[in-house]
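**Student:** A predicted structure for the sequence below; I have some questions about it.
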Amino acid sequence: MTDRSLGPIPLPERGQRATGSFTFADDPSLAKYRWPFLAIGGQQSGATFLVTAGIHAAEYTGIEAAIRLGRTLDPTAVRGTIVVIPLLNRPGFYERSIYTNPEDGDNLNRLFPGRSDGTWGERFAHHLLTEIVKNVDYAIDLHAGDLIEDLVPFVIYREVGDPKRDETIRQMANAYGARWAVKTAPTGERPGTLFAVAAQSGVAAMLAESGGRGLLVEEDVIRHVRGVTNILRAVGILAGTPEPVAPARVVKSFDWLRSPAEGMFHCRVSVDQLVKKDDVVGELTDLVGEPLATITAPVGGVVLFTVTSPAIKKDGLLLAVGAL
Ligand SMILES: [Zn+2]
């Protein structure tokens, strides 16, 4: 270890790797947890790249891919520093929390920039952002479909109006190798996400989705590992030529369908399926099988994710269509 650090994370000497755990010591509500990290000190000096995962604690392919990257990237091939935090939602992991964290029941990926005097999740978001994320040059947040979600791999990013940073973010998103991309509007409907607030705070940041349903499918893990590796090469942190991959196709909107009533959801589409506007995508019945509602596609496009559990509350999420 050196006296170099990224906030509470101690960084290794050049050419070395370090693993360990850190906490946010000046906030007692956070300090009862320790977060795992892996850090790679490149042989040569350069920029800092942050890989995060597990902000949704049951999105295991992202967590596993982050750990694997931290253990296998070769420090002698790195210019700069790579820091991996494979599990942001530390309270939720052994609880198998879906969407939220058990400390306050909030979705951590809606709370950025957070507050130092807020709820547990707001405090966590504030400390993570101000002490770690704002001090890096590049960041990728790895996700999957949650425990009850299936998805086709896609990337999400937002432009921030700074031509140079926007170009870097697009370059990163296209180097990941996903077929689909969601570009959120500047006034996106889901505020408070880590990648978007990071991008607005000066970091070239994006999000990638691969896998889901609580399964560690090797192909889904490898997609994340390859995608991040390719991004590291594209931005010059890792030696080697990036693999040529087709740029992602940007969908026109990201329409989340919610249920008009509680009931059993019978999904009639699969992820990556193309649908036309008004196509039936699912049916909702009550608990004795009576039809409650027919769910139709609000736009034509591609099904990006579906909820795989049939038990749906009123206003519960059903699936999402990316408009084409
Ligand atoms: Zn997620």
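**Tutor:** Received, thanks.

**Student:** Measure how buried the closest residue to the ion within the stretch 151-300 of the chain is and give me the count.
**Tutor:** Using C-beta to the ion, the point where the stretch 151-300 of the chain gets nearest to the ion is E209, with a distance of 7.1 Å. For glycine as for every other residue, the C-beta is placed from the backbone atoms N, C-alpha and C. E209 sits with 29 neighbouring residues when counted by other C-beta atoms under 10 Å.

**Student:** And for G54?
**Tutor:** For G54, the neighbour count with other C-beta under 10 Å is 28.

**Student:** Contacts only, for the nearest residue to it once chain neighbours are set aside.
**Tutor:** Once its chain neighbours are removed from consideration, G54 has its nearest residue in L87; the separation is 3.8 Å (C-beta to C-beta, 6 or more residues apart in numbering). With contacts defined as C-beta atoms under 8 Å, 6 or more residues apart in numbering, the neighbours of L87 are W35, P36, A53, G54, A57, I63, F93.

**Student:** and what of G121?
**Tutor:** If a contact means C-beta under 8 Å, 6+ apart, then G121 has N101, E103, D104, D106, N107, L108, L111, G114 as its contacts.

**Student:** Would you mind confirming that the third one is in contact with F124?
**Tutor:** So the one you mean is D104. No. Contact between D104 and F124 fails when scored by C-beta atoms under 8 Å: they sit 9.6 Å apart.

**Student:** more crowded one of the two?
**Tutor:** Under the criterion of other C-beta under 10 Å, the comparison of D104 against F124 puts F124 first, with 30 against 17.

**Student:** sec struct for the more buried one, please.
**Tutor:** When the structure is split into helix, strand and coil by DSSP: H, G, I helix; E, B strand; the rest coil, F124 lands in helix.

**Student:** Could you report the pLDDT at it?
**Tutor:** Model confidence at F124, expressed as pLDDT, equals 98.

**Student:** And for P186?
**Tutor:** Note on P186: pLDDT of 54.

**Student:** Ok, A66 next?
**Tutor:** For A66, the pLDDT comes out at 98.

**Student:** How about the contacts made by the residue of the stretch 151-300 of the chain closest to the ion?
**Tutor:** By C-beta under 8 Å, 6+ apart, the contact set of E209 is H143, A144, G145, L151, P153, F154, V155, I156, A178, F305.

**Student:** of these, buried ones?
**Tutor:** Among the contacts of E209, those classed as buried by 16 or more other C-beta atoms under 10 Å are H143, A144, G145, L151, P153, F154, V155, I156, A178, F305.

**Student:** OK, contacts around the last one?
**Tutor:** Taking C-beta under 8 Å, 6+ apart as the contact definition, F305 lies against G145, E149, D150, L151, V152, E209, G212, V271, L319, A320.

**Student:** Any idea what it is bridged to?
**Tutor:** L151, A320 (DSSP bridges).

**Student:** that older thread, what's across from the residue of the stretch 151-300 of the chain closest to the ion in the sheet?
**Tutor:** The residues listed as beta-bridge partners of E209 by DSSP bridges are H143, F154.

**Student:** tally of neighbours for L73?
**Tutor:** Around L73 there are 23 other residues, counting by other C-beta under 10 Å.

**Student:** next one: I222
**Tutor:** Per other C-beta under 10 Å, the neighbour tally for I222 reads 14.

**Student:** Give me the residues contacting stretch 12-19.
**Tutor:** By C-beta under 8 Å, 6+ apart, the surrounding residues in contact with stretch 12-19 are 1-2, 10-11, 36-45, 70-71, 75-76.

**Student:** now, which of those lie within helices?
**Tutor:** Of the positions in the contacts of stretch 12-19, G70, R71 sit in helices, assigned by DSSP state H.

**Student:** C-alpha coordinates for stretch 46-59, PDB please?
**Tutor:** Extracted C-alpha coordinates of stretch 46-59, given in PDB (Å, rounded to 0.1, in the frame of the first residue of the first chain):
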ATOM      1  CA  GLY A  46      -2.600   7.700 -15.800                       C
ATOM      2  CA  ALA A  47      -6.400   8.100 -15.300                       C
ATOM      3  CA  THR A  48      -8.600   6.300 -12.700                       C
ATOM      4  CA  PHE A  49     -11.300   4.000 -13.800                       C
ATOM      5  CA  LEU A  50     -14.000   2.800 -11.400                       C
ATOM      6  CA  VAL A  51     -16.000  -0.400 -11.800                       C
ATOM      7  CA  THR A  52     -19.100  -0.700  -9.500                       C
ATOM      8  CA  ALA A  53     -21.700  -3.400  -9.300                       C
ATOM      9  CA  GLY A  54     -24.400  -4.700  -6.900                       C
ATOM     10  CA  ILE A  55     -26.200  -1.500  -6.300                       C
ATOM     11  CA  HIS A  56     -29.000  -3.900  -6.800                       C
ATOM     12  CA  ALA A  57     -27.900  -6.700  -4.500                       C
ATOM     13  CA  ALA A  58     -29.300  -9.700  -6.400                       C
ATOM     14  CA  GLU A  59     -27.900  -8.700  -9.800                       C
END
